[in-house]
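Enquirer: Model the structure of this input:
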Amino acid sequence: MNSKRRERILVLCAHSDDEIISMGGTIAKYAKEKKDVRVIIFSSGEKSVPWLKEEVLVKKRIEESKKVSKLLGCKCEFLGLPDLKLAENLEKNARQVKKIISKFKPDKIFTHNRYDAHPDHRAVFYTLEKALRGRKRKPKIFTFMIWGLFNPKDSTHFYVDIDKTFSEKIKALREFKTQKLITSIFYMPIYIKARLAGYKVNCKFAEVFYAE
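Expert: Residues are numbered from 1 along each chain as shown. Presented below is the predicted three-dimensional model:
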């Protein structure tokens, strides 16, 4: 890697807020370190709040993500794929991701773990897998678990110290006001997981990833 070139980090996630729940502290840390962080959100999450009109909800979720991205110092992009149907058209979606990778040329890619309980999350992993098929030079791949406590696969763990950015992660999560009923479930698990991960690497808070 060219020493003058900023390290490029690509985050692929199913829904807005997934990137914050899983690695909000890491995104903030990398942005402070002047890394170029790009978040790609597959679905607009139009099915997440049944009592709101889909077009209204999509607009609000995009606005929330833009605000959060500005707060953390990264960039985000929505692919606008159908919510709860990311397992459909994997080949088509993979071609879109392949173009993003070819253009952005990331050094590291972070995405959902294949063992996550949410089908949309697993679909994002398999979309990336297809997008990288046949590629000679592949970036380093790290996965995160949202709906699940651990990775059943015997993977190498990669920890990121987020002592200085944990509060920013929580602040960012609170900005997803349309998702507050769901995100409220995560506050305690986020704290516990970050403390346990921090214990592993001698800091207060850390985020853990799995090297693929």
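Enquirer: Might you list the low-confidence residue ranges for the chain?
Expert: Scanning the chain for pLDDT under 70 picks out 1-3, 45-52, 149-154.
Enquirer: Please enumerate the strands of it.
Expert: Secondary structure of the chain (DSSP state E): strands at 8-13, 36-43, 75-81, 108-112, 140-144, 156-161, 206-211.
Enquirer: would you turn those into CSV with distance to I27?
Expert: For every residue, glycine as well, the C-beta is placed using N, CA and C. Formatted as CSV, those follow (distance: least, Cβ to Cβ, whole Å):
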stretch, distance to I27
strand 8-13, 7
strand 36-43, 6
strand 75-81, 10
strand 108-112, 9
strand 140-144, 11
strand 156-161, 10
strand 206-211, 10
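Enquirer: S44 and P106, how far apart?
Expert: S44 sits 23 Å away from P106, taking Cβ to Cβ, to the nearest Å as the criterion.
Enquirer: Same question for T26.
Expert: Using Cβ to Cβ, T26 is found at 14 Å from P106.
Enquirer: who has more neighbours, the two?
Expert: Comparing T26 with P106 by other Cβ atoms under 10 Å, the one with more neighbours is T26, at 28 against 21.
Enquirer: end-to-end on stretch 168-186?
Expert: The first residue of stretch 168-186 is 15 Å away from its last residue (Cα to Cα, to the nearest Å).
Enquirer: whoops, I mixed them up, stretch 108-117
Expert: Using Cα to Cα, one end of stretch 108-117 lies 24 Å from the other.
Enquirer: So what touches it?
Expert: Outside stretch 108-117, the residues that touch it by Cβ atoms under 8 Å, 6 or more residues apart in numbering are 7-14, 18, 22-23, 26, 101, 118, 121-122, 124-126, 128, 139-148, 151-153, 209-210.
Enquirer: Mark which of these are buried, thanks.
Expert: 8-14, 18, 22-23, 26, 101, 118, 121-122, 124-126, 128, 139, 141-146, 151, 209-210 (16 or more other Cβ atoms under 10 Å).
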